[in-house]
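S.K.: fold the following and give me the result.
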Amino acid sequence: MDGQSLEQLTGTKAYELFTMYKSQNIHPSKALAKVSQDPSIDDDNLLPGQLNLIRKYVYFGYRPTSYMTPSEQDRFEEWAGRRDYLTSFNFLAAHNGFRKGCIHVLLGYPGQGKSSLIRSIALENSINHNVFILLSEEATTPYSLKINQTASMITHLKKIDEKSLSRIKFATEIVQDFDPKSNFEDFFRMIRDFLIKDEIGLFVYDNFSTGLLSEEFDRQKLAIKRFKEIASELDIPILIAIHPTKSARFQNVYLTNEQVRGNVALATMPEYLYTMNTCEVNGQKKTYLYVDKARYFDQARDCWFELKYQVCDRKGGFYAGDSPVPKEVAIENMKKSRK
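M.R.: You can find the predicted model right below:
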């Protein structure tokens, strides 16, 4: 677009107003009406259409060089504005919760709390949706006990009850007679049929990296493709937990999509990718979550959040949300922890 560059547009009064209205959860169309009538934007000297462009950038991450046509942008705006999956986690709320038809990947070292985070996420989603968790390392009975224990500790989600718990379904690879080399497609047909039969609204694959396809690097790309097809066909989000490479600890201070263990498709094909990073600060463990990838939501990407782990007497603990944290603070703490 001719006229001011994106950097110049972010310095306008209109940008400031849209940012304020978004933080107040004012609907984008109402924000446009408010800003267009505000006399303080006269000094911005905007060209026709640039006011709406600023709105779309603030609310949805559109850029002046967007490949989308105006009609495509309108359809995307409707999709992006949907909040089908309410959440207490800011790292998910940054892109309006789980996105239907999309793959979300959670990357983290073993023992850093991926499964604990997944249990909290599953419980809050069980209030409104049926949830299916495919386990690669645990049997269903002990995992069910952990879910119930976590539910008994959570107090910030008032609607979790027996009905919610009944919406969470489990299956484990431990008892599956499955050979990826001989009946690869049967595995995905089985998952698809189960999701349809039980009207699942969120599918979680806990620890794909240690599952039946863990050593099948050549088939992992096709596996992600199959999961994307299922997510798109059934119009549900899929959350997959994976591990980084063994050498990742020696490469970067924090995890990125470049450290994914397995086929590169595990990092490139999903629409959303989050990395969990832990460190110790003054004797206290801190867990940071980095939004490494957020397709269509530019402003959610490259954001950092500190996960809040709440301890409950002898029962253990659970993740009770998160809070934004400056990237510089998170990285500096991780650097100190390494020394």
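
S.K.: contact partners for residue 276?
M.R.: Residues near residue 276 by Cβ atoms under 8 Å, 6 or more residues apart in numbering: 106-109, 112-114, 117, 255, 287-289, 307. For the C-beta atoms, the positions are set from N, CA and C on the backbone; glycine is no exception.

S.K.: what pairs with it across the strands?
M.R.: Bridge pairing for residue 276 (DSSP bridges) gives the partners residue 289.

S.K.: and residue 186, that's in a helix?
M.R.: Yes. With DSSP: H, G, I helix; E, B strand; the rest coil as the criterion, residue 186 is part of a helix.

S.K.: quick check: it vs residue 138, distance?
M.R.: Between residue 186 and residue 138 the computed distance is 23 Å (Cβ to Cβ, to the nearest Å).

S.K.: quick one, helices of this protein?
M.R.: For the chain, the helices defined by DSSP state H cover 6-9, 13-23, 28-36, 50-60, 70-80, 90-93, 114-125, 140-153, 162-166, 184-197, 217-234, 265-268, 327-338.

S.K.: quick one: which of residue 186 and residue 138 has more around it?
M.R.: residue 138 (18 against 11; other Cβ atoms under 10 Å).

S.K.: which residue is the nearest non-sequential neighbour of the more buried one?
M.R.: Spatial nearest neighbour of residue 138, chain neighbours left out: residue 172 (6.4 Å); criterion: Cβ to Cβ, 6 or more residues apart in numbering.

S.K.: any idea what that neighbour is bridged to?
M.R.: Bridge pairing for residue 172 - DSSP bridges - gives residue 135.

S.K.: so what's it up against?
M.R.: Applying Cβ under 8 Å, 6+ apart, the residues near residue 172 are 134-136, 138-140, 143.

S.K.: and the closest residue to residue 243 other than its chain neighbours, how close does it get to residue 263?
M.R.: Excluding its sequence neighbours, the residue lying closest to residue 243 (Cβ to Cβ, 6+ apart) is residue 209, at 3.8 Å. Distance, residue 209 to residue 263, using Cβ to Cβ: 11 Å.

S.K.: same deal with residue 118?
M.R.: For residue 118, the distance to residue 263 - Cβ to Cβ - is 22 Å.
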